[in-house]
Structures are given as structure tokens and as C-alpha cells.
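Colleague: generate a structure from the sequence data that follows.
(chains A and B)
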Amino acid sequence: MLTYVFRSVFVVILGVLFSFTLFYVLPDPAYRVAGGFADKATVLSIRKNLHLDEPIIKRFITLVTDTANGRLKSFYTKRPVIGLAIDKLKVSLAVAGWGLISIFVLCILLVAGQGISQRLKRWVEMLSNTAAVVPVFISAILLLFASTKWGLPKDACAGLALAIYPSILLSSNVVLRLEEAKQAPHTLIAMAFGLGMFVMFRRMIHELAPSFIILSNALIFFLIAGLAVVEEIFGIPGIGHWFLQSALRLDLPVLFAVSVLLSLGVVALDVFNKIIVWFLDPRQRNAW
Amino acid sequence: MVRPEQAKETHPRTLATLAWFVLGIALCFLVFHDPLKINLELVLQPPSFKFPGGTDRLGRDVLARASAGFRASLGIAGTAEIVSLSASLIANLLLLLLAKIRLQALLSVLLLAMRTIPPFLTGLALAALLGATNWGLIIALAMISFPFEVAVIEEEINASLEMPHIEGAKAIGLPFYMILIRHVGMIAAPRIMRYALLDFVGLVAFEALLGFVGMTRPPAPSIGAEIYNAGPYITIYPWLFLVPGLLLAVGLIVFNAGFARLIKRR
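Modeller: Modelled structure (predicted):
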């Protein structure tokens, strides 16, 4: 347990170092921010503004302490990144909320549909294997069209666009796990004893919940990327749209702060998942 | 020896797998006109016999641009997959070497740290920093794939190393590099290829996504950029969106299904 906690802290530290190397060390950002035709004075002023003229270690320490204290400012708006992120997050939560509701509803419909139709099951299996193959932006543009034409709420349509792939993946996983649970020897024995429903329910919780939680790590990455694209298409000024615009404008402080926050979030989610799995699946307790 | 009834069973399947790839490659060569040629007399023409995909605001053939853009996406994603696969193999060799001196955890935690940052964000930021050149996009896409590919390869190699006959080979004193090349490689390679093929299709989608958010070099056609530019005109000139959108969706599904069938056969 303690080793795991230490390892998580170490992962976060290395994640911060990786983000720093990616954004501030590898390519010289001053030239990229200045553009192709900038003169030397402009490049120098950008270097000074981004603290690129300082030694790497000092630059790293300043950046990390500024991020931790909430003093790190956007290169363009000069507003603290954390404050901006909280404002944008409020907007994104509405879309994400609609997305989660849509995932839940679509998942139930797809699981029920796969129980009835084998053809649908084959299609869902094929689509879930395609690893988000049909990009989210195609479905998002079609839903934007529907939203404009029939006056549907923008947030709900954006959430639905976000939910299509995760619900396919989740429903396919549920059906697979249910089939495994049905065929497990102890389930068959228990069913033969007439304990069917009760054992199935327990088995479902043990089998499904941990795999969902593990799957949620993959889905969170998809949702973050999807949120950026969907917000861009629907013109929603949320955190995804903000990050996308910051990346295109090379607003390095924003990119660094968001990467660090996401890195922290992903590690925290992993710890949370591990704790939930520990409670739900006794077999996993030995792994600690 | 293949019995006649077996041959009868396998033949149509081979043909079907081949058909997926032929269809996928055909989608890359639907270039009936020059995709860069501007013709202001034929602006925004709906699909016709002469222009099956219609024309855009500059009179360029929409189908030709979408097809050329898809071909470019395949090329960039394919190169990125090769770069990422090579880097992942080298990283895994390093991991195996470090394991000998008990320092494997260092590199493995670093790789874990790389996986905590969402790949799309890393790719997007890197593409913006390196510029929307072919190599900029290739490096960005390779960085999207690399941390996860390393993990998959590591898992496959570790699973292979735990097999009884590998333990036996170690016990009789066969050199480690020999075990790695002759035994582990033979077991893990098909599984790694299986992952790489499906990952390649995912990278094509990511390349289109980067094009969609503006990582392109106009006037060179990019399927993502074509879809983005068509977005506002979807109600008035639907073919501007439908042709590249459908071509991309069909192309990705076709390649994915083709690779999935190929993997299943193995």
C-alpha cells in the first residue's frame, strides 16, 4: 500500500517533469510563439516573458511553485490559469453531465438490444473494436446540424456526440462480462441449486464493477479529447475549447498547467479506482 | 495437406479479407481531377457525373481532395506507427537490460508518468510546437501512440517470458539474447503486430482530428480540414461535408474490418 502511494507521488513528479520537457525544453518555444517572420527583439522579449532566459532548474522551480500557488498566468490574457480553468470547467460540466446521462441511457438501450438481436451484438462488437474509429467530429457536426435545424439544446446534443463511442464500448464490455459470469462454474453450480438470481447479482457486481472502473481510465482520456472537439464544433466556451485554442496559440503556461492538473487528476482517479476495486473484489486485495 | 472441403471453406474468407483491403485502397485513389486545381467557373457544383463529389468554393473536386487527404493521412499515420513501434521495441529492450541491474522500475515509472497525460493533448500540443509539417505530425502521432504501445509490448514480452518452455530454455543455460530472438520474439511478434495494425487505424483517425483542429498546410488536401471547412455550410451545400465525412468513416471502418479479419484468420 505504502509502496503504491510512493509510486503514485513519483509518477506525478515525473509527469510534471515530462510536461516541462515537452513544452519548455525540447523545441525552443520562443521562435514558435513569435511566428516565422518575427525579428530578434520580439523573440528576446518572448523569451524574457516566458522566463526562457533563466537556467532550466530555476525555470522549472518557478513554474511549479507558480502553478501550485495559482500565480501562473496565461501568456495572452494575463489572467491566472487556475482561475480561468475553474471558470471554464463550470461550462464544461454541463456538457459532461449531459454526456454521462447519454452514456447511461445509450448503454442500457444497447445492452438490452444486444440481448434481443444477435445482429446488433455483432455490429456493436465490430464498432467497439474500431477504437473510436469514426471520429467524434463527424457525429458532432451531424448533431450540430440537428440542433440548429430542430432547435434542440446545444449542451444535450454536444453531450450525445460525446457519448456515442463510450456507450458502444461500455455496452459491449457489459455483454461480454455478463456472458462470462453466466458461464462461470460456480454460477452454474449455484444456479443448479436454485440460487440463480442472487448469485448472478453478486457475480455481476464482482465481475462488472472492477472492469468498469478500469475501463473508466481509458474513457476519461477519450472524454477529455472528445470534450475539446465537441466544444469547438458547438462553440461552447468550456475547458476543452480553451485548451484547444491555447494549444493552437502556443499559450505555454496554460498547456503546462492543464497537463499537470490532468496528470494529477488521472493519478488521483487511479488511486480512487484501486480503493473501489479493493472493496468490491476481494481477489484484488492480494495485489496490494 | 489441405483437403478440398477445407480449401472450399478458406477460399471465400481470403477473398473477403482481400476485398476489404482492395476497397480501402480504392478509396485512396478516387482522384479523377487534380485536387489542387482551382476553377472559378465551376464553384459549388452539386455532385454530377463529371464531379461525383461536387466542387467546393474554389471549384476544386471535393472527392479528389477527400481521397488525396485520406491517402496523406494513411501515409502519415503509417510512418508514425512505424516510428512508435520501433521506439517501443527499443524502450522494451532497455527495460529488459535495466531489469538485469534491477533498475527497471525507473524507466517503467517514467513511462507510466507519460501515460498520465491524455494522449490527444500531448499530440495536439506537440503538433502545435513542431509545426504542421509532415514530420511534425508524424512525431506528434508517434508520441500519442508510444506510451501505450510500450505497455502492450511489455505485457506481451512478460507473458511470453513466463511460459514453461522459456523457463526450460533459461534452465539449460541458453543465452538470453537467443531466448529473446528465437522464442520470445516468435511468440510476441504476431500479438504485437495485431495491436500495431489496429493502433494504426486509430492514428489515422487522430491525424484527421489534428487536421480538423487546424494542423494542416493549405492548399495540400487534409480530410480533417475539409470536414471542418464544410461544417458551416452543411445545410446549404451538404456534399461539402458528406463526401469527406463519409469517405473518412467508410475508409476507417474498411481498414479496421480488414485488419480485424486478417488478425482473426491468424
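Colleague: now for residue A:221: which residues touch it?
Modeller: Residues in contact with residue A:221 (Cβ atoms under 8 Å, 6 or more residues apart in numbering or on different chains) are B:118-120. The C-beta positions use only the backbone N, C-alpha and C, and glycine is treated the same way.
Colleague: please report the distance of it from residue B:38.
Modeller: 40 Å (Cβ to Cβ, to the nearest Å).
Colleague: again with residue A:3
Modeller: For residue A:3, the distance to residue B:38 - Cβ to Cβ - is 64 Å.
Colleague: out of the two, which sits in the more crowded spot?
Modeller: Neighbours were counted for residue A:3 and for residue B:38 using other Cβ atoms under 10 Å in any protein chain shown; residue B:38 has more, 13 against 8.
Colleague: in a helix, that one, correct?
Modeller: No - using DSSP: H, G, I helix; E, B strand; the rest coil, the assignment for residue B:38 is coil, not a helix.
Colleague: sec struct for the residue lying closest to it once chain neighbours are set aside, please.
Modeller: Residue nearest to residue B:38 in three dimensions, not counting chain neighbours: residue B:58, with 4.6 Å by Cβ to Cβ, 6 or more residues apart in numbering or on different chains. The three-state label given to residue B:58 by three-state DSSP is coil.
Colleague: and residue B:58, how many residues sit next to it?
Modeller: That count, for residue B:58 with other Cβ under 10 Å as the rule, works out to 14.
Colleague: and residue A:233, what does it touch?
Modeller: A:137, A:140-141, A:144, A:158, A:161, B:231.
Colleague: list the residues that contact residue B:23.
Modeller: Counted by Cβ under 8 Å, 6+ apart, residue B:23 has contacts residue B:254.
Colleague: that one sits in which helix or strand?
Modeller: helix B:4-28 (DSSP states H and E).
Colleague: low-confidence ranges in the stretch 101-250 of chain A?
Modeller: Residues of the stretch 101-250 of chain A that meet the criterion pLDDT under 70 lie in A:128-135, A:196-218.
Colleague: let's see it at 90
Modeller: Applying pLDDT under 90 to the stretch 101-250 of chain A picks out residues A:101-104, A:106-250.
Colleague: follow-up on the earlier one: among the contacts of residue A:233, who's most crowded?
Modeller: That'd be residue A:158 among the contacts of residue A:233, by other Cβ under 10 Å, with 32 neighbours.
Colleague: what helix or strand is the closest residue to chain B within the stretch 101-250 of chain A located in?
Modeller: Ranked by Cβ to the nearest Cβ, the top residue of the stretch 101-250 of chain A for proximity to chain B is residue A:225, at 3.4 Å. Taking DSSP H and E as the criterion, residue A:225 maps to helix A:196-234.
Colleague: next SSE after that helix?
Modeller: Next along the chain after helix A:196-234, taking DSSP H and E as the criterion, comes helix A:239-249.
Colleague: now tabulate the contacts of residue A:233 in JSON lines and tack on secondary structure and distance to residue A:239.
Modeller: As requested, the contacts of residue A:233 are arranged in JSON lines below (DSSP: H, G, I helix; E, B strand; the rest coil; distance: Cβ to Cβ, whole Å):
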{"residue": "A:137", "secondary structure": "helix", "distance to residue A:239": "18"}
{"residue": "A:140", "secondary structure": "helix", "distance to residue A:239": "17"}
{"residue": "A:141", "secondary structure": "helix", "distance to residue A:239": "21"}
{"residue": "A:144", "secondary structure": "helix", "distance to residue A:239": "19"}
{"residue": "A:158", "secondary structure": "helix", "distance to residue A:239": "13"}
{"residue": "A:161", "secondary structure": "helix", "distance to residue A:239": "17"}
{"residue": "B:231", "secondary structure": "helix", "distance to residue A:239": "21"}
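Colleague: which two from those residues end up farthest apart in space?
Modeller: Spatial extent of the contacts of residue A:233 (Cβ to Cβ) is set by the pair A:158 and B:231 at 13.9 Å.
Colleague: so which elements touch the longest helix seen in chain B?
Modeller: When chain B is parsed with DSSP state H, its longest helix is helix B:62-100. If contacts are counted by 3 or more Cβ pairs under 8 Å, 6 or more residues apart in numbering or on different chains; DSSP states H and E, helix B:62-100 sits against helix B:4-28, helix B:104-115, helix B:134-161, helix B:185-212, helix B:223-230, helix B:239-265.
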